[in-house]
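[1] The following block contains a protein sequence and its predicted model.
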Amino acid sequence: QVQLVESGGGLVQPGGSLRLSCRTSGFTFTKHWMFWARQTPRKDLEWVSAINTGGTNMYYPETVKGRFTVSRDNAKNTVNLQMNSLKPEDTAVYFCNAEVNYTSGIKNYWGQGTQVTVSS
């Protein structure tokens, strides 16, 4: 079955950095875009990155552009999110997301999430 397992969250001071990883299995990783999203303490869900199958095109919202960098390792079925210059408003649970294509349709999968807390 499809599994997405995030790791790398934690407590960091403002201006600090964290690197999140998402290890995947159960689907053809190389054929699917991958996404990161976050859920804030107010329960708002915000998409924070997208990366294409080859890892050559990445997309970010303005709130994280220039600070976050998404990458993927297709040999290891892993997607990473490097987060720099972190701000208190980046505090959230971060989720890895895949929309997997089946002949019967598209199914959305999420990891369990990893908590990122930015605080002094």
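    Nice, thanks for sending it over.
[2] wait, what's in contact with residue 41?
    91, 92 (C-beta atoms under 8 Å, 6 or more residues apart in numbering). For every residue, glycine as well, the C-beta is placed using N, CA and C.
[3] Assign a three-state SS to it, would you?
    coil (DSSP: H, G, I helix; E, B strand; the rest coil).
[4] and the residue nearest the centre of the chain, which of the three is it?
    Most central in the chain under C-alpha atoms, centre = their mean is residue 36, positioned 2.7 Å from the mean C-alpha point. Of the three states, residue 36 takes strand according to three-state DSSP.
[5] Run through the bridge partners of it.
    residue 49, residue 96 (DSSP bridges).
[6] my guess is it meets residue 90, correct?
    No. With contact defined as C-beta atoms under 8 Å, residue 36 does not count as touching residue 90 (11.9 Å).
[7] what's the burial count for the closest residue to residue 13 other than its chain neighbours?
    Nearest residue to residue 13 in three dimensions, chain neighbours excluded: residue 120, at 5.3 Å (C-beta to C-beta, 6 or more residues apart in numbering). Neighbour count of residue 120, defined by other C-beta atoms under 10 Å: 8.
[8] Tell me if I'm right that residue 120 and residue 16 touch.
    No. Judged on C-beta under 8 Å, residue 120 makes no contact with residue 16 at a distance of 9.9 Å.
[9] any common contacting residues for those two?
    Counting by C-beta under 8 Å, 6+ apart, residue 120 and residue 16 have no shared contacts at all.
[10] hang on, the earlier thing: can you give me the distance of the residue nearest to residue 13 to residue 8?
    Counting by C-beta to C-beta, to the nearest Å, the gap from residue 120 to residue 8 is 20 Å.
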